[in-house]
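Provided below are the primary sequence and the corresponding predicted coordinates.
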Amino acid sequence: MINLSRVFLLLVVASLMLTITAHAALIKGKATVSSGAAAGVVVVAYPAETLTFDGPAPHSSKATADDGLFTLELSGGRYYLFAGGAQLSAYYGRNPITVPEEGSSDVNLLLTPNNLPGPVEPTTLETGVVGTVSLDGQVVQGAIVTVYPDLSSQLKGMGLGMAAPTDEQGYFELPLAAGTYYLVVRVRHSGQMAGPLKAGDLFGYMAGNPLVIKAGAPPRVHIPLIEVPEKVSRHAANLFGNTSISGLVLDQKGEPVAGLQVLLYEDSTMLNRPLYVSQKTNTDGRYQLSFPKGGHYYLAARNELGGTPAPGEFYGRYQGTPDHSIKIETGKALVDIEIVVDEVY
């Protein structure tokens, strides 16, 4: 005979488990333009595993009211956030973000115009793209336009290639074969070609991404930039995920070394592109790295990114294990991890 009481209990337990599994975190924030709050804006999210943005987003908010405030429900994981409406758009500068269980309420999306006119300068480029880069209506010289073939790198690193820095008219040319590409613009005031952006640096994501290039007349685009806010530096502990490593970079005498970056690799040679790079160490030699998931990693510290360490550069690997590796669980924080560096001769 079927025990109805037991069946009812099992159904209740299953329902509770389903409720817990389906729990969504609330992402709250504000959509703004340079003059204040932006109304009529919809915020959408793509899972971080997405390899293209050419389809509709699986998650979206209601359109913002006059106060620009939005709420978006997302289950645990990592996502790209976008906002759009009324010829305006925004790509969240911390993309892709890790959604904490408790949600987040400090997401600010600064929108820029989509319909700015492209350059009119004549070009000898046969296939590729030409464009203009600007900030608040003023052209920007020295901006680096990086092109990516897809989202496998999450639009980070050196990409498929770069255009020469924009000229005094904010103009660039980028020869490319026919295909589909993503364009991202960065201005690092430090002069470095790679590494995390700092407060005051500039960032731009082309609203027309992915850009389809065909043989023939190159498309003409205009990419507006936004300034990286100071608060990004304060989010170093969870900027790229809820797993983190922090500590000190020291010289052979045990003194702190400022101005170095700590690099996280997944291969023991530590010669390929790092997975994540810290901000430069402060005067106390402190660094902090955040990333989405735990694993078996390798740590090194150095002055510059790219290539083998050059003479005169400070360089060192984590010495806590014979193979310089470090293990960490997802969601955990390792603190007081020291890296000792020495000058390369």
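That came in fine, so what should we check first?

which stretches of the stretch 51-200 of the chain form strands?
59-60, 69-74, 77-85, 88-91, 97-99, 104-110, 112-113, 128-135, 138-139, 144-148, 161-162, 171-175, 179-187 (DSSP state E, counting those that start in this stretch).

Export those strands as JSON lines, with columns for distance to residue 119 and mean pLDDT.
In this view, the C-beta of every residue, glycine as well, is placed from N, C-alpha and C. Shown next, in JSON lines, are the strands of the stretch 51-200 of the chain (distance: least, C-beta to C-beta, whole Å; pLDDT from 0 to 100):
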{"stretch": "strand 59-60", "distance to residue 119": "33", "mean pLDDT": "94"}
{"stretch": "strand 69-74", "distance to residue 119": "34", "mean pLDDT": "92"}
{"stretch": "strand 77-85", "distance to residue 119": "24", "mean pLDDT": "91"}
{"stretch": "strand 88-91", "distance to residue 119": "20", "mean pLDDT": "94"}
{"stretch": "strand 97-99", "distance to residue 119": "33", "mean pLDDT": "83"}
{"stretch": "strand 104-110", "distance to residue 119": "24", "mean pLDDT": "84"}
{"stretch": "strand 112-113", "distance to residue 119": "16", "mean pLDDT": "94"}
{"stretch": "strand 128-135", "distance to residue 119": "5", "mean pLDDT": "96"}
{"stretch": "strand 138-139", "distance to residue 119": "10", "mean pLDDT": "95"}
{"stretch": "strand 144-148", "distance to residue 119": "13", "mean pLDDT": "95"}
{"stretch": "strand 161-162", "distance to residue 119": "18", "mean pLDDT": "92"}
{"stretch": "strand 171-175", "distance to residue 119": "5", "mean pLDDT": "96"}
{"stretch": "strand 179-187", "distance to residue 119": "14", "mean pLDDT": "96"}
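
how about the ones you listed, which one is nearest residue 339?
Closest approach to residue 339 among these is made by strand 97-99 (24.6 Å; C-beta to C-beta).

that older thread, of all the strands of the stretch 51-200 of the chain, which one comes closest to residue 294?
Short answer: strand 97-99, nearest of the strands of the stretch 51-200 of the chain by C-beta to C-beta, at 12.6 Å.

Number of residues surrounding the residue lying closest to residue 123 once chain neighbours are set aside?
In space, and not counting its chain neighbours, residue 123 is closest to residue 130: 5.1 Å by C-beta to C-beta, 6 or more residues apart in numbering. If you count neighbours by other C-beta atoms under 10 Å, residue 130 ends up with 22.

contacting residues for residue 130?
Listed by C-beta atoms under 8 Å, 6 or more residues apart in numbering, the contact partners of residue 130 are 118-119, 121, 123, 171-174, 218-221.

redo that, cut-off 7 Å
By C-beta atoms under 7 Å, 6 or more residues apart in numbering, the residues touching residue 130 are 119, 123, 172-173, 218, 220.

ok, so of the residues you listed, who is nearest residue 140?
Among the contacts of residue 130, residue 172 lies closest to residue 140 (C-beta to C-beta), at 10.3 Å.

Surely the closest one touches residue 162?
No. Residue 172 is beyond contact range of residue 162, at 9.5 Å (criterion: C-beta atoms under 7 Å).

What residue, apart from its backbone neighbours, is nearest residue 319 spatially?
Using C-beta to C-beta, 6+ apart and skipping the chain neighbours, the partner closest in space to residue 319 is residue 340 (6.1 Å).

Show me the beta-bridge partners of the one you found.
Counting by DSSP bridges, residue 340 is bridged to residue 250.

Many thanks, have a good one.
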